[in-house]
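Engineer: Next one to model:
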Amino acid sequence: MSSYFLYILKCADKTLYTGVTTDVARRVNEHNGSALGAKYTRARRPVRLVYAKKYRSRSKASQEEFRVKAFSRKEKLALIRRRTELTRV
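Structural biologist: You can find the predicted model right below:
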């Protein structure tokens, strides 16, 4: 059974991009250097991974993606900050 990840990238223009993947490292590389990256990020390279969270199913990851995409920028930054603080402890 594959795991799925919700991820947030920070683009060169400081905007945030949210997506779902099974392989975060591969997907970040695609966003940074291949035609497989999203059209949005291709114009805003380089991108940097700032958040990732693992889910057991595509359905759960996609539900969370939908929820997070509705967040304001301020709410997304707070989510990223909370996750970063948890990993530093």
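Engineer: Distance of residue 80 relative to residue 27?
Structural biologist: Taking C-beta to C-beta, to the nearest Å as the measure, residue 80 falls 17 Å from residue 27. In short, each C-beta sits where N, CA and C put it, glycine included.
Engineer: hmm, I was thinking of residue 10
Structural biologist: 14 Å.
Engineer: same check, this time on residue 76
Structural biologist: Distance from residue 76 to residue 27, counting by C-beta to C-beta: 18 Å.
Engineer: higher neighbour count, the two?
Structural biologist: Ranked by neighbour count (other C-beta atoms under 10 Å), residue 76 and residue 27 place residue 27 first, with 21 against 18.
Engineer: The residue nearest to the more buried one when sequence neighbours are not counted: neighbour count?
Structural biologist: Counting by C-beta to C-beta, 6 or more residues apart in numbering, residue 21 is the residue found nearest to residue 27 once chain neighbours are left out, at 4.0 Å. When neighbours are defined as other C-beta under 10 Å, residue 21 has 17 of them.
Engineer: for residue 21, what are its contacts?
Structural biologist: By C-beta atoms under 8 Å, 6 or more residues apart in numbering, residue 21 lies in contact with 4, 5, 7, 27.
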